[in-house]
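Engineer: Please find the sequence and the predicted model below.
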Amino acid sequence: MIRVLIADDQDMVRIGFRMILDAQDDIEVVSDVPDGVSAVAKARELRPDVCLLDIRMPGIDGLEVTKQLAGPDVVDPLKVVVVTTFDLDEYVHTALRNGASGFLLKDAGPALLIEAVRAAARGDALVSPQITVRLLKHFDGGTVKRDVSPPSEPLTAREMDVVKAAAKGLTNTEIGTELFLSLSTVKTHLASVQGKIGARNRVEIAAWAWRSGVVD
């Protein structure tokens, strides 16, 4: 079972998300809370597989909660999916930089919400389709390239193929299908790449690929 925590200041949103997710055979909502302080406390207490966080909440907003639960300084980070009404680039970039495994708009629909939870649980990342194109443009190495640290050792040709596919938003399963690799081999390549470039997850791999110009 995928254990999920929901944090949102609107009762109806929490109820709706709980109904959608609890109806799935492989997902269980273990807690729902109305504010950021409670979200941090409950997440640390229950250690859910995935945390669904709203951005605008009382006390601590969802971006700060994300940083406290999944940020660069967290020793044992949790998987976080940010779900919000507000389609702002600043929010997307901050959420992903703070360690989020996904970013969805509340109007994305039940199917995408369920898939985002499952994707985060298995180590993939899912971003709303309407956000993805802008996100990739933001990281586009074809514009002004940012200072990007080189890998600790060169990536192999196959690792580079996997990086390019991940940067295009493909899931591990889709990468395996496209490159004729087993799921375990895809995960092995991604883990190797993370070590070489100092990334913590596939979102950071994708961002590195676009910033460094690997993806054209």
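Structural biologist: Yep, that arrived. Residues are numbered from 1 along each chain as shown.
Engineer: ends of stretch 96-113, how far apart?
Structural biologist: End-to-end distance for stretch 96-113, by CA to CA, to the nearest Å: 17 Å.
Engineer: can you tell me the average pLDDT over that stretch?
Structural biologist: Averaging pLDDT along stretch 96-113 yields 85.
Engineer: surely residue 3 meets residue 31?
Structural biologist: No. Using CB atoms under 8 Å, residue 3 is not in contact with residue 31; the gap is 9.1 Å. Heads up, the C-betas are built off the backbone N, CA and C, glycines and all.
Engineer: And these two? Which one has more around it.
Structural biologist: Neighbours were counted for residue 3 and for residue 31 using other CB atoms under 10 Å; residue 31 has more, 19 against 16.
Engineer: Mind listing the residues bridging to that one?
Structural biologist: Per DSSP bridges, the residues bridged to residue 31 are residue 5.
Engineer: Can you name the residues that contact it?
Structural biologist: Taking CB atoms under 8 Å, 6 or more residues apart in numbering, we find residue 31 in contact with 5, 6, 42, 46, 48.
Engineer: can you rerun that using 6 Å?
Structural biologist: 5, 42, 46 (CB atoms under 6 Å, 6 or more residues apart in numbering).
Engineer: Kindly report the same for residue 82.
Structural biologist: So residue 82 contacts 53, 62, 95, 100, 103 (CB under 6 Å, 6+ apart).
Engineer: and the residues you listed, which of them are in helices?
Structural biologist: 62, 95 (DSSP state H).
Engineer: Present the contacts of residue 82 as TSV; the columns should include neighbour count and distance to residue 153.
Structural biologist: Output for the contacts of residue 82, formatted as TSV (neighbours: other CB atoms under 10 Å; distance: CB to CB, whole Å):
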residue	neighbour count	distance to residue 153
53	28	36
62	28	37
95	26	30
100	28	28
103	29	31
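Engineer: and of the contacts of residue 82, the nearest to residue 69?
Structural biologist: In terms of CB to CB, no member of the contacts of residue 82 lies closer to residue 69 than residue 53, at 8.3 Å.
Engineer: picking that back up, buried members of the contacts of residue 31 into PyMOL, please.
Structural biologist: To isolate the buried ones among these in PyMOL, judged by 16 or more other CB atoms under 10 Å, type:
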select buried, resi 5+42
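Engineer: what about the protein, any weak spots by pLDDT?
Structural biologist: Scanning the chain for pLDDT under 70 picks out the ranges 86-89, 126-147, 216.
Engineer: so where do the strands sit in it?
Structural biologist: Using DSSP state E, the strands of the chain run over residues 2-7, 27-33, 50-53, 79-84, 102-105, 126-127.
Engineer: out of these, deepest packed?
Structural biologist: Comparing those by mean neighbour count (mean count of other CB atoms under 10 Å), strand 50-53 comes out on top with a mean of 28.
Engineer: can I get the strands of the chain in CSV with distance to residue 150?
Structural biologist: Converted to CSV, the strands of the chain look like this (distance: least, CB to CB, whole Å):
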stretch, distance to residue 150
strand 2-7, 37
strand 27-33, 40
strand 50-53, 33
strand 79-84, 29
strand 102-105, 28
strand 126-127, 26
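Engineer: I appreciate the help and will end here.
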